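*Asks:* show me the folded form of this:
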Amino acid sequence: MRSSTENNENIKQIKNNHRNLYRVITIVGIGVFACIIGILGLLLGLFGAIKQIQNQYNEYLHNQWETTCLVLQYSCFPRSCYSCTDSHCNKSVCYDEKIEVSYSIFNGTEIL
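*Replies:* The predicted structure follows:
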């Protein structure tokens, strides 16, 4: 038969083992919880960054005050012109420009 001191020692050992197991389980649980929170934070941050990039891109494309101008045809014609003062006139060369453009506005309308 065991003595009471041996029983007390065994009981203390069992209690210590349970405390150690409880500590290990607690530490592992906290670690798993921290990992889950970290992964969720990373996913939310990534999602927010993607949405921010999309919003900036959409704002750039659909800015209602922004137009796009395309030069369709450009021509330049020389002609004689005169620059006159009170006493005399000088003949020089002037240029007439013809520029055909197309504007695309925010709703897709083309203006020629």
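
*Asks:* what's the helix or strand bottoming out on mean pLDDT in the chain packed up against?
*Replies:* Taking mean pLDDT, DSSP states H and E as the measure, the helices and strands of the chain show their lowest mean at strand 110-111, namely a mean of 78. Judged by 3 or more CB pairs under 8 Å, 6 or more residues apart in numbering; DSSP states H and E, strand 110-111 is in contact with strand 89-104. Using the backbone N, CA and C atoms, a C-beta is placed for each residue, glycine as well.

*Asks:* cutoff 10 Å now
*Replies:* strand 68-84, strand 89-104 (3 or more CB pairs under 10 Å, 6 or more residues apart in numbering; DSSP states H and E).

*Asks:* partners of it in the sheet?
*Replies:* In the sheet, strand 110-111 lines up against strand 89-104 (antiparallel) (DSSP bridges).

*Asks:* send me the partner strand as PDB with only the CA atoms.
*Replies:* Provided in PDB are the C-alpha atoms of strand 89-104 (Å, rounded to 0.1, in the frame of the first residue of the first chain):
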ATOM      1  CA  CYS A  89       2.300  98.200 -96.500                       C
ATOM      2  CA  ASN A  90       4.400  95.000 -96.300                       C
ATOM      3  CA  LYS A  91       3.500  91.900 -98.200                       C
ATOM      4  CA  SER A  92       4.200  88.700 -96.300                       C
ATOM      5  CA  VAL A  93       3.100  85.000 -96.200                       C
ATOM      6  CA  CYS A  94       0.300  84.000 -93.800                       C
ATOM      7  CA  TYR A  95      -1.100  80.500 -93.200                       C
ATOM      8  CA  ASP A  96      -4.600  79.300 -93.000                       C
ATOM      9  CA  GLU A  97      -5.000  76.200 -90.900                       C
ATOM     10  CA  LYS A  98      -7.800  73.800 -91.100                       C
ATOM     11  CA  ILE A  99      -8.100  71.400 -88.300                       C
ATOM     12  CA  GLU A 100     -10.900  68.700 -88.200                       C
ATOM     13  CA  VAL A 101     -11.300  67.300 -84.700                       C
ATOM     14  CA  SER A 102     -13.500  64.800 -82.900                       C
ATOM     15  CA  TYR A 103     -14.400  65.100 -79.200                       C
ATOM     16  CA  SER A 104     -15.600  62.200 -77.200                       C
END
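
*Asks:* all set, thanks.
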